[in-house]
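> Below is the sequence, then the predicted model.
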Amino acid sequence: MTDAVVIGSGPNGLVAANLLADHGWSVTVLEAQSTIGGAVRSDSEVAEGFVHDTFSAFYPFGAVSPAIKALHLEDHGLRWVHTDAVEGHVFPDGRWAVIHREPEATAAGLDELRAGDGQAWLEMYAMWQRVGADLMGALLSPFPPVKHGALAAVKAPSAGLLEVARMLVISAHRLGIERFAGEGGQLLLNCNALHADFPLDGPGSGLFGWIMCMLAQEVGFPVPEGGAGRLTEAMGARLRSQGGEIVTDARVERIVVEGGRAVGVEVAGGERIVATKAVCADVTASNLYGGLVSWDDLPSRVRADMRRFELDPATMKVDWALSGAVPWKGRPEKMPASLHVADSIDALLTFAGQLSSHRVPAEPFLLVGQMTTADPTRSPAGTESMWAYTHVPQEVHGDAGDEGLTGAWDTSETERFADRMQSRIEKYAPGFGERVIARRVLGPRELESRNENLVGGSVNGGTAAVHQQLIFRPIPGLGRAETPVKGLYLTSASAHPGGGVHGAPGRTAARAAIAHDRVRRPRRKG
């Protein structure tokens, strides 16, 4: 018996567990895998001496998240490391657009690509400095964000009320055209929008692209020294220091519901663990509703709404162990650890169009991480631990390339698509293949087998498009952690505000559980 059971040890689950333990609750975290962390893990499978982040790698949201910062994980072994050059985009001719930690350096580089674009960047950053903190506070708070929303509204007139409001609905494609004359700034905006699955010509993509660019400018893209798993280790160590329990290889098969209330869970093998106060499910909505919770224990409307629940696109990830630095064309003196590979804005729109039409992209947009560049402890001196990922459709209707990929994503198809990705890098870094010591390909099936929350290779807990945000996430409701089952709280990226390692769904779930327990168990007077 325990006060709270937390299903899943991803960052949201561990944030919730830590906050509940801080409140004096007994907490048991149950993790199906043999290693904690969900999508925040690292390993040395690719080659001896090389550390690769199995899933996520860079953590700008973690640097600004109140939920993460409040845990003081530095006291439990976490150390963030940064690069001076944060993020870049390489052009086919070897020119670069780079976000540096110093805004003036970013602006100077953009001016070299097109005069005037540097000033445009500084103006966007000035707007961010006026409203960014309150915007992030509102984004990472339960909906509606009363406190930060009010503060943002007060400050907005001085920041340009109409401009800020327009930023909420404009597309990344349009915002880039309006703000920048050259493709350098446009590509930085649009590629950052593609870190989630917003349509580049749809509402919401402009805001998200701007947020990602401005976070890169303000706080960088920090990484945990030694690997993403160090972030998880610190969260786990903190929980244990507060008396919390973490059990691995413990697959939850059913949430026990009695009288409309979650009262515990059953794990593989039949053991029942009673939760006297709450069950927090760091579980994708499609695995929770109709999965861990029977449809018989849910209102009929939930089943109907979940038929409309939309996953984000599937992910293909390739890890490389390299014998030397990547031979990028025009390699800048200060090399960014994170970069994008795309020929042009038109190429990005083509990629996005192929995804939306359920075709495997012919020339995939790549997000690339050079982890030894970010953190020299990741591989032997002079080598590079590197990865790249891209998206493919959840449901494949055809291949925009010429290899006839069907979406089976068996070993043959994932390796052939990995070759397609590697050829994209070779175009921008001739001789890249000669430096490959070892390669690992993680297709949609492999990703889901390592983390059941990555359903079909989706990494965001459901699409980030505006029709599945705020009160519509994951289904129409309050946009909060509460579920139709009393005492059960949705704690995953399927809940508002969605994906990203910021712990906001975990913090919201913990606070909701504590608040409801206070109402349920009022203190006696006297």
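All right, it came through fine.
> hey, let's count contacts and neighbours off CA atoms from now on
Fine.
> Strands of the stretch 101-250 of the chain, residue ranges please.
Counting by DSSP state E, counting those that start in this stretch, the stretch 101-250 of the chain has strands at residues 223-224, 245-247.
> Present the ones you listed as JSON lines; the columns should include distance to residue 485.
JSON lines is the format used below for these (distance: least, CA to CA, whole Å):
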{"stretch": "strand 223-224", "distance to residue 485": "37"}
{"stretch": "strand 245-247", "distance to residue 485": "24"}
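> could I get these as a markdown table with mean pLDDT and mean neighbour count?
Output for those, formatted as a markdown table (pLDDT from 0 to 100; neighbours: other CA atoms under 10 Å):
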| stretch | mean pLDDT | mean neighbour count |
| --- | --- | --- |
| strand 223-224 | 98 | 24 |
| strand 245-247 | 98 | 19 |
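> among those strands, which is nearest residue 38?
strand 245-247 (13.2 Å; CA to CA).
> Which elements pack onto the helix or strand following the closest one?
Per DSSP states H and E, the first helix or strand lying C-terminal to strand 245-247 is strand 252-258. If you count contacts as 3 or more CA pairs under 8 Å, 6 or more residues apart in numbering; DSSP states H and E, strand 252-258 packs onto strand 261-267.
> what about residue 191, neighbour count?
27 (other CA atoms under 10 Å).
> Tell me who's in contact with it.
By CA atoms under 8 Å, 6 or more residues apart in numbering, the contact set of residue 191 is 209, 340, 348.
> Assumed the second one was part of a strand.
Yes - secondary structure of residue 340 (DSSP: H, G, I helix; E, B strand; the rest coil): part of a strand.
> So which bits of the helix or strand containing residue 418 are buried?
Assigned by DSSP H and E, residue 418 falls within helix 411-428. Buried residues in helix 411-428, counted by 16 or more other CA atoms under 10 Å: 413-415, 417-418, 420-426, 428.
> again with stretch 11-28
11-21, 25-28.
> again, but for stretch 292-309
292-293, 297-298, 302-303, 306, 309.
> Ok, stretch 326-345 next?
Buried residues in stretch 326-345 (16+ other CA under 10 Å): 326, 328-329, 332, 335-343, 345.
> Now do it: distance from first to last residue.
Taking CA to CA, to the nearest Å, the first and last residues of stretch 326-345 lie 24 Å apart.
> Show the average pLDDT along it.
Averaging pLDDT along stretch 326-345 yields 97.
> And the strands of the stretch 101-250 of the chain: which comes nearest residue 457?
Of all those, strand 223-224 comes closest under CA to CA, at 22.8 Å.
> mind listing what residue 230 touches?
41, 77-78, 224 are the contacts of residue 230 under CA under 8 Å, 6+ apart.
> Could you point out the longest helix of the chain?
Secondary structure of the chain per DSSP state H: the longest helix is helix 117-139.
> Could you list every helix and strand in contact with that one?
helix 103-113, helix 146-159, helix 205-218.
> ok, back up a step: who wins for proximity to residue 128 among the strands of the stretch 101-250 of the chain?
strand 223-224 (22.8 Å).
> Just checking: what are the partner strands of that closest one?
Strand pairing for strand 223-224, using DSSP bridges, gives strand 80-81 (antiparallel).
> what comes up buried for the helix or strand that the strand it pairs with is followed by?
The helix or strand immediately downstream of strand 80-81 is strand 85-90, counting by DSSP H and E. By 16+ other CA under 10 Å, the buried positions in strand 85-90 come out as 85-90.
> cool, stretch 127-137 as well?
127-128, 130-132, 134-137.
> that older thread, report the inter-axis angle for the longest helix of the chain versus helix 103-113.
Orientation note: helix 117-139 sits at an angle of 130 degrees relative to helix 103-113 (axes from the mean of the first three to the mean of the last three CA atoms, to 10 degrees).
> Find the residue ranges of the chain scoring beneath the pLDDT cut-off.
Within the chain, the segments meeting pLDDT under 70 span 144-161, 522-526.
> Walk me through the domains of it.
If you go by automatic domain parsing, the domain ranges for the chain are 2-43+228-309+461-520, 98-216, 313-459.
> would you turn these into JSON lines with distance to residue 61?
As requested, the domains of the chain are arranged in JSON lines below (distance: least, CA to CA, whole Å):
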{"stretch": "domain 2-43+228-309+461-520", "distance to residue 61": "5"}
{"stretch": "domain 98-216", "distance to residue 61": "8"}
{"stretch": "domain 313-459", "distance to residue 61": "15"}
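> if we can go back for a sec, just the angle between the longest helix of the chain and helix 205-218, please?
100 degrees.
> pull the CA atoms of helix 117-139 into PDB?
Below are the C-alpha coordinates for helix 117-139, written out as PDB (Å, rounded to 0.1, in the frame of the first residue of the first chain):
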ATOM      1  CA  ASP A 117      18.200  40.400 -41.200                       C
ATOM      2  CA  GLY A 118      20.500  40.800 -38.200                       C
ATOM      3  CA  GLN A 119      18.400  43.800 -37.000                       C
ATOM      4  CA  ALA A 120      15.200  41.800 -37.600                       C
ATOM      5  CA  TRP A 121      16.600  39.100 -35.400                       C
ATOM      6  CA  LEU A 122      17.400  41.500 -32.600                       C
ATOM      7  CA  GLU A 123      13.900  43.000 -32.800                       C
ATOM      8  CA  MET A 124      12.400  39.600 -32.400                       C
ATOM      9  CA  TYR A 125      14.700  38.900 -29.400                       C
ATOM     10  CA  ALA A 126      13.800  42.300 -27.900                       C
ATOM     11  CA  MET A 127      10.100  41.300 -28.000                       C
ATOM     12  CA  TRP A 128      11.000  38.000 -26.400                       C
ATOM     13  CA  GLN A 129      12.800  39.800 -23.600                       C
ATOM     14  CA  ARG A 130       9.600  41.800 -22.800                       C
ATOM     15  CA  VAL A 131       7.100  38.900 -22.900                       C
ATOM     16  CA  GLY A 132       9.100  35.600 -23.100                       C
ATOM     17  CA  ALA A 133       9.200  34.800 -19.300                       C
ATOM     18  CA  ASP A 134       5.400  35.300 -18.900                       C
ATOM     19  CA  LEU A 135       4.700  33.500 -22.200                       C
ATOM     20  CA  MET A 136       6.700  30.500 -21.000                       C
ATOM     21  CA  GLY A 137       5.100  30.700 -17.600                       C
ATOM     22  CA  ALA A 138       1.600  30.600 -19.200                       C
ATOM     23  CA  LEU A 139       2.600  27.800 -21.600                       C
END
